[in-house]
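Visitor: sequence-free structure coming up:
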């Protein structure tokens, strides 16, 4: 009977851990490709089907045998599934496709920084790190008046952020003047 209680307790703990992991995974934002991303598509054993492409404003790529594919808004996994489905049967028996982002679209930092402009995105980039890439805040700049506009948001919907805020590709950071 005692072994049954431990097993029941262990099962309850396991279920709670799995539920919390499921909620954490659902909260994670999936990366969606957009113009400015450079992608790599590899098909195992089929060098003629391997391509590297920079996504343009149209959001489409021209893929061998399949023609134009709209890529913007898809995750790499979704694009993999589309290519596998398109190649399976007529062209290959069981294609093994990998899609990866080789270069993310840039983030932009404007306003009271020494060198405003676009900078390469890297996972883990924060407002503070982007500010460092832009050679720091000017003497008029304010660390309390930093605003972020996410790609797809309108200019009016920008939000006030801190130096520790994590950035995403395509984000626009504006550092305004402080009031002295």
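Guide: Arrived safely, thanks for sending. Keep in mind it's a predicted model, so treat the numbers as computed, not measured.
Visitor: residue contacts, the residue most central in space within the chain?
Guide: The geometric centre of the chain, computed from its C-alpha atoms, lies nearest to residue 31 (CA atoms, centre = their mean), at 3.6 Å. By CB atoms under 8 Å, 6 or more residues apart in numbering, residue 31 lies in contact with 75, 76, 101, 169. Every residue, glycine included, has its C-beta placed from N, CA and C.
Visitor: how many residues are close by the last one?
Guide: With neighbours defined by other CB atoms under 10 Å, the count for residue 169 comes to 22.
Visitor: tell me the secondary structure at it.
Guide: Of the three states, residue 169 takes coil under DSSP: H, G, I helix; E, B strand; the rest coil.
Visitor: contacting residues for it?
Guide: 31, 34, 36, 37, 104, 105, 106, 107, 121, 151.
Visitor: can I get the contacts of residue 31 in a markdown table with pLDDT and secondary structure?
Guide: Shown next, in a markdown table, are these (pLDDT from 0 to 100; DSSP: H, G, I helix; E, B strand; the rest coil):
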| residue | pLDDT | secondary structure |
| --- | --- | --- |
| 75 | 95 | coil |
| 76 | 96 | helix |
| 101 | 94 | strand |
| 169 | 92 | coil |
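Visitor: buried members of those residues into PyMOL, please.
Guide: Selecting the buried subset of the contacts of residue 31 in PyMOL, with 16 or more other CB atoms under 10 Å as the burial test, is done by:
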select buried, resi 76+101+169
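Visitor: show me how to select, in ChimeraX, the buried members of the contacts of residue 169.
Guide: Burial among the contacts of residue 169 is assessed by 16+ other CB under 10 Å; the matching ChimeraX selection reads:
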select :31,34,36,37,104,105,107,121
